[in-house]
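1. Let me see the structure of the following:
(chains A and B)
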Amino acid sequence: AQSVAQPEDQVNVAEGNPLTVKCTYSVSGNPYLFWYVQYPNRGLQFLLKYITGDNLVKGSYGFEAEFNKSQTSFHLKKPSALVSDSALYFCAVRDGGSYIPTFGRGTSLIVHP
Amino acid sequence: DSGVTQTPKHLITATGQRVTLRCSPRSGDLSVYWYQQSLDQGLQFLIQYYNGEERAKGNILERFSAQQFPDLHSELNLSSLELGDSALYFCASSPGRVREDYGYTFGSGTRLTVV
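-> So this is what the prediction gives:
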């Protein structure tokens, strides 16, 4: 079985400050982890993925995510937030035996000017 | 433009009716996935087709059905509609290789409102 949790419904951060959007997961084998972003009235856009290798993964728009196996976490980070980063962020996970990832419920990121 | 095309963008219909949502995958992608997004349930996987064949099934109601045609476009049919079926319906596509290490490409969705 696979599951993912995004413990925060909303994250507020000031422009220019670092941001973190949290994600924890549960899988029976090795995890395949993904982050997506959804802007209003748009579909989800792929940001980055972790399959294997370096625990720090770099993705689109300056985002990165850190895989922590011991804490079963895959938090999304950005050193300096922009107002245009305001959107809904989804974490997704699947294990090696599944074709279909499970998505979290999403975290609304609000970046204040 | 993500390359995944969904039509219509908006649909308003009455309870008990039947509707068809259409999706054209990104060029070269063989797999199509359907998702339902609602405020209370989040993003729920419905069904996946790969090169015309059903590959995986999620939380899809018996009133719902889908198919993928030889040109790889897919249709999601929703019948006997209820108020609770109001949601955003997304289609996503991927290359469909056995090892799905790639992210999905999502369309912009169809917003269904049942009145």
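2. Look up which residues are beta-bridged to A:H112.
-> Beta bridges link A:H112 to A:A14, judged by DSSP bridges.
3. From A:T102, how far out is it?
-> Distance of A:H112 to A:T102, given as CB to CB, to the nearest Å: 31 Å. In short, each C-beta sits where N, CA and C put it, glycine included.
4. Those two: which is more packed in?
-> More crowded of A:H112 and A:T102, by other CB atoms under 10 Å in any protein chain shown: A:T102, with 22 against 11.
5. what's near enough to touch the nearest residue to that one once chain neighbours are set aside?
-> Using CB to CB, 6 or more residues apart in numbering or on different chains and skipping residues adjacent in sequence, the residue nearest A:T102 is A:Q2, 5.1 Å away. Counting by CB atoms under 8 Å, 6 or more residues apart in numbering or on different chains, A:Q2 touches A:25-28, A:31, A:93-95, A:98, A:101-102.
6. cool, and B:R111?
-> B:9-11, B:87-89.
7. So what touches the strand or helix carrying B:C91?
-> In the assignment (DSSP states H and E), B:C91 maps to strand B:87-94. Residues outside strand B:87-94 that contact it (CB under 8 Å, 6+ apart): A:43-44, B:3-4, B:6, B:21, B:23, B:25-26, B:29, B:31-38, B:41, B:43, B:74, B:76, B:100, B:102-107, B:109-112.
8. need the residues of chain B near chain A, please.
-> Residues of chain B found near chain A (CB under 8 Å from any CB of the partner chain) are B:2, B:4, B:33, B:42-43, B:45, B:48, B:55-56, B:58, B:90, B:92, B:100-109.
9. what's the burial count for A:V83?
-> 12.
10. Skipping adjacent residues, who's closest to it in space?
-> In this structure, A:V83 finds its nearest non-sequential neighbour in A:V111, 5.0 Å apart by CB to CB, 6+ apart.
11. Same question for A:N12.
-> Excluding the flanking residues, the one nearest A:N12 by CB to CB, 6+ apart is A:I110, at 5.0 Å.
12. if you skip the residues just before and after it, what's nearest to B:Q67?
-> B:E75 is the one closest to B:Q67 (CB to CB, 6+ apart), at 5.9 Å.
13. Report how many residues lie close to residue 39.
-> Assuming you mean chain A. For A:Y39, using other CB under 10 Å, the count is 12.
14. that's the other chain; I wanted chain B
-> 9.
15. you'd agree the residue nearest to A:N12 is in a strand?
-> Yes. A:I110 forms part of a strand when assessed by DSSP: H, G, I helix; E, B strand; the rest coil.
16. What is the burial count for it?
-> 13.
17. residues contacting it?
-> The contact partners of A:I110, by CB under 8 Å, 6+ apart, come to A:10-13, A:86.
18. Can you list phi and psi of A:D85 for me?
-> phi -80, psi -10 (degrees, to the nearest 10).
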